[in-house]
Each structure stands twice: as C-alpha cells, then as structure tokens.
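Chemist: what's the 3D shape of this:
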Amino acid sequence: MAIDPHKLHSGVRSRDPKAEVELTSFLRNLVRKDYEKTLGPLAEDYLQELLIRVIEGIRRNQVEHPQFLVTYCKNVAANVRIDGLRSAARAARRLVSIEEGRGSRSREDIEGELILNEQYQTVLKLMEQLDPISREVVRRFYFERQPVRRIEREMGLTQEQLRGRKDRAVKKLRDDYQALGQRFRVIPGGKQPQGGFKAAA
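Modeler: As a prediction, the model looks like this:
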C-alpha cells in the first residue's frame, strides 16, 4: 500500500480521523501476515498495540522527519512483535515444559532461547482450537496476567464460570499438547496429584 508519508504524518498529528484510518490500513498490510504467523490468536491485539504506539510516537515528535515514517513504523512493528513473542514465551513456560537452563546464563539469554523455542508456537496454535470465550480467558489470565476480578467484570463471568472456563481450557490445551507427544508440567503455583495435572488458580 503506497502512502504519502508527509501527508499521513501531518494528518495523524492533527488528529484527522481519515489519516488514522489510512495509517491503520498501512500497518495492517505491513505486518498482518507476519503477526498472524508468529503471534497466532494474539495477532490482532498486537496490531492494535502497534497502532497506538505509532500514533503516540508521531504526536510526541519521535519521528524526526516525515520521510522516515515508514522506517519508524517498521522499527516499532519489530519491537511490538518481540514484546508479543516474549509474552507468549512466558505464558508457554507456565503451560508446557520448556528447558530454561541453569548456570551462568543470564535471564535475558534464557528469554532469548524461549523466544526461539518452538514450544510456545505450539501453544499459540492449540489456542486457536479453543472456543472464543475460553481463548479470551486464557489470553487475559496467562498471557496478559490480568486480575481475576477484572476478567470477571469485563467478560461478564461469575467466579465459578471463569474458573470453569479456565480449567477446561487448560485441560484441553494439556490433552491436545500431549497428543502431539509433548509433556505438560504443572503451572507454577499449582499442585500435581499422582499422575495428574492441575493449573494454578
């Protein structure tokens, strides 16, 4: 999608709704396929995050010159993607067995290995098989780490409904993951009965 960076930069700064629509289309075309491939069901959330960051950056004069707008968008898109991968890696670490390593390696080194690990991609793929409500519960609880009361309020769920949705979703992810020949581990904070699995509340 061809854009006029000067016109688009000026329009976004002046809060022109048409410019924001054009920017949204440009960013979507720029990263949609990559985000969907790497971030799975979280792609749309991070597309929105990308849009917010770019608009704020333009209005805070973080783009040195309009001619650098496309480069700026690409750089922000890459950073948002990495943030999404790290979030997915942390969530996958809570849901599946991922070798974190010990010894002299730093936390950043371990995080980098997690990002490159295919296991979190498997979790993202399996999440796509959940029903929309359960997928949203898992996303909010494990990926975004939102407070339980906030999830209940914003999704209109009772405490029992939320817990049921979460437990059933985790069980399905566990079963589907095990069907691929992988091994689940207990989510930190949960308890593991003999031969079983229980997610943290």
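Chemist: Glu64 versus Arg13, what's the distance?
Modeler: Taking Cβ to Cβ, to the nearest Å as the measure, Arg13 and Glu64 are separated by 14 Å. From N, CA and C alone the C-beta is placed, and that goes for glycine too.
Chemist: Likewise for Gly57?
Modeler: Look at Gly57 and Glu64: by Cβ to Cβ, they are 11 Å apart.
Chemist: With Ala169 instead?
Modeler: The gap separating Ala169 from Glu64 is 45 Å, by Cβ to Cβ.
Chemist: Comparing these two, which shows the higher neighbour count?
Modeler: Ala169 (22 against 10; other Cβ atoms under 10 Å).
Chemist: Check which element follows the worst-scoring helix or strand of the chain on mean pLDDT along the chain.
Modeler: Within the chain, no helix or strand scores below helix 107-116, which has a mean of 52 by mean pLDDT, DSSP states H and E. Once the chain leaves helix 107-116, the next helix or strand it forms, by DSSP states H and E, is helix 119-127.
Chemist: what helices or strands is that following helix leaning on?
Modeler: helix 69-95, helix 159-179 (3 or more Cβ pairs under 8 Å, 6 or more residues apart in numbering; DSSP states H and E).
Chemist: Would you indicate which residues of the shortest one are buried?
Modeler: Residues of helix 159-179 classed as buried under the neighbour-count rule (16 or more other Cβ atoms under 10 Å) are 162-163, 165-166, 169-170, 172-174, 176-177.
Chemist: Using CSV, write down the CA coordinates of it.
Modeler: Provided in CSV are the C-alpha atoms of helix 159-179 (Å, rounded to 0.1, in the frame of the first residue of the first chain):
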residue,chain,number,x,y,z
GLN,A,159,-16.2,-16.5,39.7
GLU,A,160,-17.4,-20.1,39.1
GLN,A,161,-17.8,-19.5,35.3
LEU,A,162,-14.4,-18.1,35.0
ARG,A,163,-12.7,-20.9,36.9
GLY,A,164,-14.6,-23.5,34.9
ARG,A,165,-13.7,-21.9,31.6
LYS,A,166,-10.1,-21.6,32.6
ASP,A,167,-9.8,-25.1,33.9
ARG,A,168,-11.5,-26.7,30.9
ALA,A,169,-9.4,-24.6,28.5
VAL,A,170,-6.1,-25.7,30.3
LYS,A,171,-7.3,-29.3,30.3
LYS,A,172,-7.9,-29.1,26.5
LEU,A,173,-4.6,-27.5,25.9
ARG,A,174,-2.9,-30.2,28.0
ASP,A,175,-4.7,-33.0,26.2
ASP,A,176,-4.0,-31.6,22.8
TYR,A,177,-0.4,-30.9,23.6
GLN,A,178,0.1,-34.4,25.0
ALA,A,179,-1.5,-35.8,21.8
